[in-house]
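K.L.:
Sequence and computational prediction follow.
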Amino acid sequence: MSRETNNIYKMGKNMTTNIYKKLHNACNTASAVKKGNKVKGMHFNPLLHDEVQRVAMEVLLENGLYPTCNYVTDVTDKFVIVTCTMRIHDIDDPTQFVLVDGCSAMGGLDKFGTGQAMSYSRKYAFLNLLNLKTGIKDEDGYEAKPFKQNSVEKSAEPTYMDESVNVDEIKDELRNAKTIQGLNLAKNKHRDSVHFLLKNNLRAYRQITDVAETRELQLNNVQQLNTL
């Protein structure tokens with residue numbers, strides 16, 4: 001029997017495929033990821049690593065694919081950064097594989113930090129590999145609306161998400177503050193969450209503080225103009 005015949009993967013009636021078709025099929029047949037329940041201090045339902053892995057592994061194994069991960073850890077003065085490189089192996093043809101490279105996450109410097117960052121980065125690798133349906137508005141692309149014709153898309157830095165803190169919600173509250181007093185109330189409301197990000201997700205922390213500083217400057221300018 002030829003090598004080509006040995007390496008084909010049969011899916012259904014008279015259907016053969018390579019690793020990319022397997023991934024395409026896995027993406028199309030994957031169920032949506034169910035979010036976890038809110039816990040005290042959390043303003044949204046989290047997208048949990050265990051649920052993402054369950055959905056991903058189910059469709060990968062069904063399509064004859066198996067993931068392995070390699071992790072690179074960098075330690076700074078304030079946090080640890082773990083970068084995951086996921087390799088997807090075709091069990092019917094070991095010469096075929098796909099790499100998902102560069103998925104990283106931050107963790108604290110305590111004894112749990114490295115393990116948490118590894119779980120986060122592995123979760124993001126699964127999400128990126130299969131474009132899993134998450135139910136997060138505009139995130140998974142399955143219900144995305146097209147741009148209007150001739151519209152100009154503004155370039156903007158993406159929000160750095162965090163599983164424990166709703167970064168978008170905090171930024172929106174800060175941007176929508178009508179007065180300095182209202183801004184201070186919003187800052188005090190989310191002080192603990194922002195402090196958490198300072199220790200665990202510095203990029204998200206900086207985005208929030210940038211929004212707060214910009215809005216404070218805008219409100220101060222309006223206040224000065226009103227006193228003239």
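P.N.:
Good, I have the coordinates. Bear in mind that the values here come from a model prediction, so they are computed numbers and not experimental data.

K.L.:
what's the domain layout of this protein?
P.N.:
Listed domain ranges for the chain are 15-130, 167-227 (source: automatic domain parsing).

K.L.:
and the longest one, how far out from the chain's middle?
P.N.:
The chain centroid and the centroid of domain 15-130 are separated by 10 Å under C-alpha atoms, centre = their mean, to the nearest Å.

K.L.:
what's the average pLDDT for it?
P.N.:
Across domain 15-130, pLDDT averages out at 86.

K.L.:
do the last one as well
P.N.:
Looking at domain 167-227 alone, the average pLDDT works out to 84.

K.L.:
if we can go back for a sec, can you list the domains of the chain in a markdown table and add mean neighbour count?
P.N.:
C-beta here means a position set from N, CA and C on the backbone, and glycine is covered the same way. As requested, the domains of the chain are exported to a markdown table (neighbours: other C-beta atoms under 10 Å):
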| stretch | mean neighbour count |
| --- | --- |
| domain 15-130 | 17 |
| domain 167-227 | 15 |
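
K.L.:
got a pLDDT number for residue 157?
P.N.:
You'll see residue 157 listed with a pLDDT of 49.

K.L.:
helices or strands next to the longest helix seen in the chain in the packing?
P.N.:
Ordering each helix of the chain by length in residues (DSSP state H) puts helix 202-227 first. Using 3 or more C-beta pairs under 8 Å, 6 or more residues apart in numbering; DSSP states H and E, the elements in contact with helix 202-227 are helix 167-175, helix 180-189, helix 191-200.

K.L.:
quick check: angle from the one helix or strand residue 117 maps to to helix 191-200?
P.N.:
Element membership of residue 117, judged by DSSP states H and E, is helix 113-130. Counting by axes from the mean of the first three to the mean of the last three C-alpha atoms, to 10 degrees, helix 113-130 lies at 90 degrees to helix 191-200.
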